[in-house]
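Q: just a sequence and a predicted model for now, questions to come.
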Amino acid sequence: MASTLYQSKSASTLEEIVLRFLSETGNPATTAACFGVAGAVVGGKVRTTNLPWEVSEAGMAEHLRIPRVRLLNDLEAAAHGVVAITDPTSVLTLQGGNPPSERRALTLVSAGTGLGVALMWWNGQSYQVSPSEGGHCDFAPQDDVEVALLEWLRERFGHVSYERIVSGPGLVNVYRFLRDYRKTPEPEWLTTRIGFGDAAPVIAEAALDHADSVCDETLTRFVRIYGAAAGNYALTSLAVGGVFLGGGIAPKILSRLKDGPFLEAFAAKGRFSEQLQKIPVRVVMAPDVALLGAAYCVSGNQTPETSA
């Protein structure tokens, strides 16, 4: 599936990006379009979470002269893509579990620039996708360090959601907190590298290489909280069919996800620990899964059974 990447912050509206894409591809005749947008889509309208965009299906259809336009929450689109996956190499199993033989509910938890959650319910014939804004649920600390992290974040943001931690910016938040909490000076080489751009991948790389103790602790703490959050969403939706980790972060930190803290925190649910250990946990490796889901939706197809 061919795709073109555009920086969303380079445009003042979504329509501007779409018109640019259509122009660059020869203005093909277009009868239908589907867009996955970060935000809660209600009544065919959405105000994006991290951009100053207000988007509506009717407005897009009129402006772009496309007869049929559908807006989805970005995780809703990705969830449709996940259950449409047929290539087994598109997912990697962290926990095989022991799921029921019949198809049951699934949950997608995606950490990237934000934290998204979508639910997939089996209706007897296909999976029906339900979007959510679960990433904005209250963060629940599990030990004294996380209590201190909560207080540190509350001073800066007021409300503290899981997205303030389990995301690219969240990784940086955890790192800055731990620098203060451990009272460990940042090494000059790391300051230089962070100064070149996005701090999150620099911190993650230093952690994976065990090049800096605070970066190392940051990624371990991040993974543990990611696991705890994923376990919470699995319980909330009774996703005994499986939990999928989507987004851009999980494939880049696979070695740490496999290393214990994620699955330990995922299953650390008291009387429900044994049930959480039975739930399959998989990482989505396919980079264009949301495009796949949007394509299925706009084509009018029912989302097929997943073979993952």
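A: Thanks, I have it.

Q: over stretch 126-146, what's the mean pLDDT, rounded is fine.
A: Stretch 126-146 carries an average pLDDT of 93.

Q: buried sites along it?
A: Of all the residues in stretch 126-146, those buried under the rule 16 or more other Cβ atoms under 10 Å are 126-127, 129, 131-137, 139, 141, 145-146. Placement of C-beta: from N, CA and C, glycine included.

Q: tell me which two in those residues are the farthest apart.
A: Within the buried residues of stretch 126-146, two members stand farthest from each other by Cβ to Cβ: S126 and V145, at 43.4 Å.

Q: quick one: the helices in the stretch 201-308 of the chain, in order.
A: Using DSSP state H, counting those that start in this stretch, the helices of the stretch 201-308 of the chain run over 213-237, 254-257, 261-267, 273-277, 289-298.

Q: can I get the ones you listed in TSV including mean pLDDT?
A: Listed next are the helices of the stretch 201-308 of the chain as TSV, based on pLDDT from 0 to 100:
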stretch	mean pLDDT
helix 213-237	97
helix 254-257	96
helix 261-267	97
helix 273-277	97
helix 289-298	84
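
Q: this protein: strands as residue ranges?
A: 32-37, 45-47, 54-56, 68-73, 91-95, 106-111, 115-122, 127-131, 242-246, 281-284 (DSSP state E).

Q: who touches the longest one?
A: Which is strand 115-122. Contacts to strand 115-122, defined as Cβ atoms under 8 Å, 6 or more residues apart in numbering, come from residues 38, 73-76, 78-79, 82-83, 103-110, 127-135, 161-163, 166-167, 170, 229, 233, 237, 239, 241, 246-247.

Q: I figured Y226 was touching S167, is that so?
A: No. With contact defined as Cβ atoms under 8 Å, Y226 does not reach S167; the gap is 9.7 Å.

Q: so what's the residue count around D216?
A: Residues within reach of D216, counting by other Cβ atoms under 10 Å, total 18.

Q: find the nearest non-adjacent residue to it, please.
A: Leaving aside its chain neighbours, D216 sits nearest to A207 (4.8 Å; criterion: Cβ to Cβ, 6 or more residues apart in numbering).

Q: any idea how far the nearest residue to G134 once chain neighbours are set aside is from V281?
A: Once flanking residues are discounted, G134 sits nearest to V117: 3.2 Å by Cβ to Cβ, 6+ apart. Here V117 is placed at a distance of 15 Å from V281 (Cβ to Cβ, to the nearest Å).

Q: wait, doesn't N173 sit right on V166?
A: No. Between N173 and V166 there is no contact under Cβ under 8 Å: 10.2 Å.

Q: the more surrounded of the two?
A: Using other Cβ under 10 Å as the criterion, N173 and V166 rank with V166 on top: 28 against 22.

Q: residues contacting that one?
A: A111, L115, G135, F222, I225, Y226, A229.

Q: determine which two of those are furthest apart.
A: Farthest pair in these (Cβ to Cβ) is G135 and F222. Separation: 14.4 Å.

Q: check contacts around V281.
A: V281 neighbours (Cβ under 8 Å, 6+ apart): T93, L94, Q95, G97, A230, G242, V243, L245, L263, F266.

Q: write the ChimeraX selection for whichever of those residues are buried.
A: Applying 16+ other Cβ under 10 Å to the contacts of V281, the buried members can be selected in ChimeraX as follows:
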select :94,95,97,230,242,243,245,263,266
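
Q: nearest to M285 among the contacts of V281?
A: Nearest to M285 out of the contacts of V281 is L245 (Cβ to Cβ; 10.0 Å).

Q: for the residue found closest to that closest one once you drop the neighbours it is linked to in the chain, give the beta-bridge partners.
A: Among residues not flanking L245 along the chain, V283 sits closest, at 4.8 Å (Cβ to Cβ, 6+ apart). Beta-bridge pairing for V283 (DSSP bridges): L92, L245.
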